[in-house]
Each structure stands twice: as C-alpha cells, then as structure tokens.
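Novice: Fold the following for me, if possible:
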Amino acid sequence: MAEIRIGTCSWADEALSKYWYPKGVPPGERLRYYAERFDTVEVDSTYYRLPAEEMVERWAERTPDGFVMHVKAFGVMTRHPVRVEQLPPDLRGAAPKDERGRVDRPPREFRAEIFRRFQAALEPLRSSGKLGGLLFQFPPYIVPKEASLDYLVWAREQLGDDEMLVEFRHRSWLDDENRAETLSFLEAIGASYVTVDAPKSDTAKNLVPTVPAVTSATSYVRFHGRNLGTWNKRGGSAAERFDYLYSDEELEELVPTLKELAGQSEQAFAFFNNNSSSPDPENPLGRISQAAANARQLRRLLDVNRIPASGGA
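Specialist: Reported below is the predicted structural model:
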C-alpha cells in the first residue's frame, strides 16, 4: 500500500498566513516552514499567471529532498477565461480577445506556446526530483463530447513526460452513462484521475459526485469542503466558497476510501482546499486554518487505522 501524503492547496492563503504560521515567520520563509511539517503541496498561484523560472528555483531551494510540489495549470491551458493582462507582455498582442478583454478561443499554436513556457519554468522542480503532477482543473462548461476528448488528448501530448492530473467540474463526466468511459479514457491517454470530495447536490451541474478511482500509478484526492450554500456564490472569494471545517466523523467515513485508493496505487496524495478559517475549538478567542487543521486530523485518523501517512504535523 502506498503511503498517503497529505498537504494543503497552497501554502500562502490568508487563513494559513494569519492563523497557522507563527508570528515572525516572514512571507519568504513560509514555504520552508511549511515543508518542515508537510512533504507535499499544491501550487495554485500558477492558475492565474505563468510561473517565472526564478520563482520556481526558490521553491526548489526552500524545500527538502523528497518534497513533492503539484502545480496547477494556467487558465489558458484548461480553457478558462483569462484576462489578456494575465499573459506575458510579449503574447498579449497575439491573443484573440472578446469584448470583455479576455483571451477568446486562441489557436492551438498559441496554446502550445503557453504550454511550452509553463513547462520550461518548472525545470528547477523537475531537475531536483520535486515536481509532481500538473493539475488540470477543467471548468464546468467542458463536457464529455468529441471536442473535449480531442483537447484532452492534445494537452496530454504537450506534457511529454510530465504527469497530467485531471479534475472535472461538470457532473456528466461521472454520471452513470459516462463514468466508466471517462475513467477508461483517462487511463488510455496516461492521465491521472482526481477524486474530489465536495458538496452533494442532485441539481448543480458543476458538482461532481465523489467517485473514488485510480487511472494511473497515482491516486489523488482533493477535499473541497461541503458548503453547498457558498459553492455557486457569485462575487465571493475562494475562501468564502470553500468555507468548511470537516468533522472527525466526516473524515473517518473517508478513511476506507483513502485506504482502497492507496492500495491501488504506487503513490497517493490527499489535499485540503478548504482555505478559510474557523473558530478554534480549543481557544474560544482564536481561529484556525481549516485546511491545516483537517490535514492534521486526517493524519491522526490514518495513524489510528494503521494506514501509512505523512504530513499534517
């Protein structure tokens, strides 16, 4: 059985910065502090802008050997709406734009250049053995049809030897009609399926069911919280959307699933994306980071059940 490595989605969100890091830890030292307590993390800032190689080199320098960083793909790579200002300056003039100043249906050649720059910037992590997978979280309007499958095949080809992690946000990918075909397709193209825990809804199309599965040597689970009331809230921050603290009972229910996934894979990861804060149950005047607290809870529960796990210290 693979050891389950536990981490959080980002090491620099507001809840972590305000309520988890000790006072006096400067921003530039937070990753080093994080990496002393966890051995894996998701980099989510790369969804908003292409990373700079100099920044990635600092990530590699501030983390120990064996640390694994999974990197979220830039929005252009996952067909999200991206403002032209988010592009590198030299590419802005070449980008087709809609009336709102967003990149609009760029040609494959343009996207290919984005892929090339994104991957080139990750070389310091790759060469140090710290690069995990590239997380492709597709928007809800990407549904199972020929054009979507064609894009997934093309995107996978662009990545070469880098691992592609795929998270869907439209429930049709995992409904009774398409579930088996979706998983078989990901396995066939050499992509890793991402299992999610999220709010449950029979009507919201952008809420996929929790379907535990493995399509490669990697099992990967993302915990988004279960706050149905804020999931589709417009104009709110990510912290508002994913504002949820899992209870011991809720995490305990998921332990058998995590054990099953770890038993089917060579490496296993679990990440908490509930990046808001909650009152501290041990201090009525304080608050805690939900993600860090739940990571610690999950580690304890896995230890109790004698399932190999790391992180969540």
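Novice: and the nearest residue to Ile142 once chain neighbours are set aside, helix, strand or coil?
Specialist: Spatially, and ignoring its direct neighbours in sequence, Ile142 is nearest to Ser148 (5.4 Å; CB to CB, 6 or more residues apart in numbering). Quick note: C-beta positions are derived from backbone N, CA and C, even for glycine. At Ser148 the chain is in helix, as set by DSSP: H, G, I helix; E, B strand; the rest coil.
Novice: Quick check: which ranges of the stretch 201-313 of the chain have low pLDDT?
Specialist: Confidence mapping of the stretch 201-313 of the chain against pLDDT under 70 gives the ranges 235-236.
Novice: Would you map the strands across the stretch 201-313 of the chain?
Specialist: Here the stretch 201-313 of the chain has its strands, by DSSP state E, counting those that start in this stretch, at 218-223, 267-272, 277-280, 283-289, 309-310.
Novice: what helices or strands is the third one leaning on?
Specialist: Strand 277-280 makes packing contacts with helix 14-19, strand 283-289, helix 290-304 when contacts are defined by 3 or more CB pairs under 8 Å, 6 or more residues apart in numbering; DSSP states H and E.
Novice: what comes up buried for the second one?
Specialist: Going back to what we said before, that points to strand 283-289. Judged by neighbour count using 16 or more other CB atoms under 10 Å, the buried positions of strand 283-289 are 288-289.
Novice: can you check the longest one too?
Specialist: Taking 16+ other CB under 10 Å as the basis for neighbour counts, the residues of helix 290-304 that come out buried are 290-299, 301-302.
Novice: So for Leu152, which of the helices and strands packed on strand 277-280 sits nearest?
Specialist: With CB to CB as the measure, helix 290-304 is the member of the helices and strands packed on strand 277-280 nearest Leu152 (28.6 Å).
Novice: OK, contacts around the residue lying closest to Thr63 once chain neighbours are set aside?
Specialist: Spatial nearest neighbour of Thr63, excluding adjacent residues (CB to CB, 6+ apart): Ala35 at 4.4 Å. Residues in contact with Ala35 (CB atoms under 8 Å, 6 or more residues apart in numbering) are 41, 62-64, 67.
Novice: now those residues as JSON lines including secondary structure and pLDDT?
Specialist: Formatted as JSON lines, these follow (DSSP: H, G, I helix; E, B strand; the rest coil; pLDDT from 0 to 100):
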{"residue": "Val41", "secondary structure": "strand", "pLDDT": "98"}
{"residue": "Arg62", "secondary structure": "coil", "pLDDT": "98"}
{"residue": "Thr63", "secondary structure": "coil", "pLDDT": "98"}
{"residue": "Pro64", "secondary structure": "coil", "pLDDT": "98"}
{"residue": "Phe67", "secondary structure": "coil", "pLDDT": "98"}
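Novice: Going by neighbour count, list what's buried in stretch 188-206.
Specialist: 189, 191-199.
Novice: measure the residue nearest to Ile142 to Glu109 for me?
Specialist: Distance, Ser148 to Glu109, by CB to CB, to the nearest Å: 20 Å.
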